[in-house]
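Participant: okay, structure incoming, though there's no sequence with it:
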């Protein structure tokens, strides 16, 4: 059982917090899925500095994507996370925060593009894979571990995975070189009781291995924050969030809400609120993210949000009935 300590709250009450909690901010990585990672360096710097000031444990800067698959002329620098770009951004990296990147199975030239750890400012490689990509993902994790990195496994779209397949996948991951495994609500389709059951399943599968369990939620049904709380209560200790909830489609669990909930003196809320005010309020005038009805519909139906994203970018972004009829008919 994770250790729980109690400390007096500001109003004399008592709040519980777990010192084993780790927050990973994926603002630049997941938020970049909205605009092809074309964030300016000043924006990335503001996010990184905010995360350092807020005391988060990991900042996920973006992807390590193959330039054979994704043309650099069409995507921003955070799609590739070149070493020079990262070093210029962080300068003298403080020991209090770790830098993470995501590598998608079958979309990363990982043998060449992920350098040995001693040559990189990156601390952690998170491998994302669908269940049929597990063999490739395991090789990627082993490659990163052999190069000296901390590694995390992100098993995607578990809401559409058969239970016996998930059991088999978790048993395989438990024997891998991954330091942590993430439960991911890719479609924003899960409800609290499902998060509770799945978190328990992941924890049981990792029992005795030393591997930690994390949660990454999407906000299609406005449940990303609530489901993150459910994962915490159920025993997960690695938590994903983004500033102002930015992220693909409906977005993610807002970092400011998560820090406010945890009541952990390790984390600081004010720098995040300042970044929301100074950076994200202006950004909302340029790009859209967050809950809207089409994302809610895709979450209810346990569908990938790609059609909702396409609809919101089309000529009739508010014709919810037509969108509903379309996706129900396709089902």
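Facilitator: Thanks, I have the structure now. Fair warning: this is a prediction, and the values are worked out from it, not measured in the lab.
Participant: packing partners for the helix or strand hosting residue 204?
Facilitator: Assigned by DSSP states H and E, residue 204 falls within helix 192-206. Of the remaining helices and strands, those touching helix 192-206 by 3 or more C-beta pairs under 8 Å, 6 or more residues apart in numbering; DSSP states H and E are helix 163-174, strand 180-185, strand 212-217, helix 224-233. Any C-beta I mention is one placed from the backbone N, CA and C, and that applies to glycine too.
Participant: and these: which comes nearest residue 99?
Facilitator: strand 180-185 (15.7 Å; C-beta to C-beta).
Participant: for the closest one, the distance to its chain's centre please.
Facilitator: 9 Å (C-alpha atoms, centre = their mean, to the nearest Å).
Participant: cool, stretch 85-92 as well?
Facilitator: Computed by C-alpha atoms, centre = their mean, the chain-centroid distance of stretch 85-92 equals 22 Å.
Participant: next, the buried residues of that stretch.
Facilitator: 85-86, 89-90 (16 or more other C-beta atoms under 10 Å).
Participant: still on that earlier bit, how about the helices and strands packed on helix 192-206 in JSON lines, adding mean pLDDT and distance to residue 266?
Facilitator: Formatted as JSON lines, the helices and strands packed on helix 192-206 follow (pLDDT from 0 to 100; distance: least, C-beta to C-beta, whole Å):
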{"stretch": "helix 163-174", "mean pLDDT": "97", "distance to residue 266": "28"}
{"stretch": "strand 180-185", "mean pLDDT": "98", "distance to residue 266": "18"}
{"stretch": "strand 212-217", "mean pLDDT": "98", "distance to residue 266": "16"}
{"stretch": "helix 224-233", "mean pLDDT": "96", "distance to residue 266": "14"}
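Participant: turn these into TSV, columns for mean neighbour count.
Facilitator: Formatted as TSV, the helices and strands packed on helix 192-206 follow (neighbours: other C-beta atoms under 10 Å):
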stretch	mean neighbour count
helix 163-174	15
strand 180-185	25
strand 212-217	25
helix 224-233	22
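Participant: among the ones you listed, which comes closest to residue 303?
Facilitator: Between these, strand 180-185 lies closest to residue 303; by C-beta to C-beta that is 12.9 Å.
Participant: okay, the angle between the closest one and helix 192-206?
Facilitator: Here strand 180-185 points in a direction 160 degrees away from that of helix 192-206 (axes from the mean of the first three to the mean of the last three C-alpha atoms, to 10 degrees).
Participant: hmm, who's touching strand 180-185?
Facilitator: 126, 151-159, 170, 173, 195, 198-199, 202, 206, 211-218, 224, 227, 231, 236, 238, 240 (C-beta atoms under 8 Å, 6 or more residues apart in numbering).
Participant: at 7 Å what do you get?
Facilitator: By C-beta atoms under 7 Å, 6 or more residues apart in numbering, the surrounding residues in contact with strand 180-185 are 152-156, 158-159, 173, 198-199, 202, 206, 211-218, 227, 231, 236, 238.
Participant: partner strands of it, with direction?
Facilitator: strand 150-155 (parallel), strand 212-217 (parallel) (DSSP bridges).
Participant: format the helices and strands packed on helix 192-206 as a markdown table; extra columns: distance to residue 259.
Facilitator: Shown next, in a markdown table, are the helices and strands packed on helix 192-206 (distance: least, C-beta to C-beta, whole Å):
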| stretch | distance to residue 259 |
| --- | --- |
| helix 163-174 | 29 |
| strand 180-185 | 19 |
| strand 212-217 | 16 |
| helix 224-233 | 11 |
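Participant: thanks a lot, see you next time.
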